[in-house]
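S.K.: just a sequence and a predicted model for now, questions to come.
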Amino acid sequence: REAAGEVTERFFAAVAEGLAAAGFTRFLIAGGETSGAVTAALGVRALDVGPRIAPGVPWMRARGPRDGLAMVLKSGNFGAPDIFLSAWDLLK
């Protein structure tokens, strides 16, 4: 079970790296461990908190090497079932 989780986290980190290399600048990431793996893979070290999507879940902007990259890092049961749709609506 633990090995499967690590494989999944590495997979999503690699996907995020590929998407960022292709020019994607907005990421919605679910899962605490997955969020950590993706931010580490993208080299994100600091984030500015932006508009709130749900209690405990804001849009954030990366600072540093990935300056301006927009991210939602959602872990746990935060937000309604349509939280990711709500997140996109905030950026329109």
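M.R.: Nice, thanks for sending it over. Residues are numbered from 1 along each chain as shown.
S.K.: who's in contact with L69?
M.R.: Contact analysis of L69 by CB atoms under 8 Å, 6 or more residues apart in numbering lists 20, 25-27, 42, 44, 61-62. To be clear about C-beta, it is placed using only N, CA and C from the backbone, and glycine gets the same treatment.
S.K.: which one among those residues gets closest to R52?
M.R.: R61 (13.9 Å; CB to CB).
S.K.: so in this structure, which strand runs the longest?
M.R.: Secondary structure assigned by DSSP state E gives strand 46-54 as the longest strand of the chain.
S.K.: so which bits of that strand are buried?
M.R.: With burial defined by 16 or more other CB atoms under 10 Å, the residues of strand 46-54 counted as buried are 47, 53.
S.K.: next: stretch 25-37.
M.R.: 27-31, 34-35, 37.
S.K.: and for stretch 65-77?
M.R.: Going by neighbour count (16+ other CB under 10 Å), the buried part of stretch 65-77 is 66, 69-74.
S.K.: the chain: helices as residue ranges?
M.R.: Using DSSP state H, the helices of the chain run over 2-21, 32-42, 83-90.
S.K.: out of those helices, which is closest to V57?
M.R.: helix 83-90 (6.6 Å).
S.K.: average model confidence for that closest one?
M.R.: Computed over helix 83-90, the mean pLDDT rounds to 89.
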